[in-house]
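Engineer: fold the following for me, if possible:
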Amino acid sequence: MDKETIKKEFVEISNNILNKYNEMDVVETISVMNMAAKTIFLGSLKVYNYEVIPNIMRDLEKELKGYGELVIRDQKVTPCCSPSYTHISFNVTIPN
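Structural biologist: You can find the predicted model right below:
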């Protein structure tokens, strides 16, 4: 599978998961790091409802783990002038 196809699938998977839990964020793109031996896809989601964070992380793991080595992290963010949210990031490493 080519990198652009994988990138589009990751955007679609991310947005489907956000929609499933009625989150207002939209993932527009996934970053791609090309290296000699591997390609790393980096994505991030903003989640405002703290109650659904474990479900979203579980769904991401379920949907993305078949592509390659997966790492998912979360971090609470409290901006000065907007609602607090949790930043969920993932990276998927696929050998070339």
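Engineer: going by C-alpha atoms from here, please, whenever you check contacts or count neighbours.
Structural biologist: Fine.
Engineer: who are the packing partners of the helix of greatest length in the chain?
Structural biologist: As assigned by DSSP state H, the longest helix anywhere in the chain is helix 3-20. Applying 3 or more C-alpha pairs under 8 Å, 6 or more residues apart in numbering; DSSP states H and E, we find helix 3-20 packed against strand 38-47, helix 53-64.
Engineer: how far does the last one sit from its chain's centre?
Structural biologist: Distance, stretch centre to chain centre, for helix 53-64: 9 Å (C-alpha atoms, centre = their mean, to the nearest Å).
Engineer: gap between Gly66 and Phe10?
Structural biologist: Note on Gly66: its distance to Phe10, by C-alpha to C-alpha, to the nearest Å, is 12 Å.
Engineer: same question for Leu45.
Structural biologist: From Leu45 to Phe10 the distance is 12 Å (C-alpha to C-alpha).
Engineer: thinking again about what came up before, and the longest helix of the chain, which residues are buried?
Structural biologist: 7, 10-15, 17-18 (16 or more other C-alpha atoms under 10 Å).
Engineer: ok, so of those residues, who is nearest Arg73?
Structural biologist: Lowest distance from Arg73 to these (C-alpha to C-alpha) belongs to Ser14, with 14.4 Å.
Engineer: my guess is that closest one contacts Leu60. True?
Structural biologist: Yes - taking contacts as C-alpha atoms under 8 Å, Ser14 lies within contact range of Leu60: 7.4 Å.
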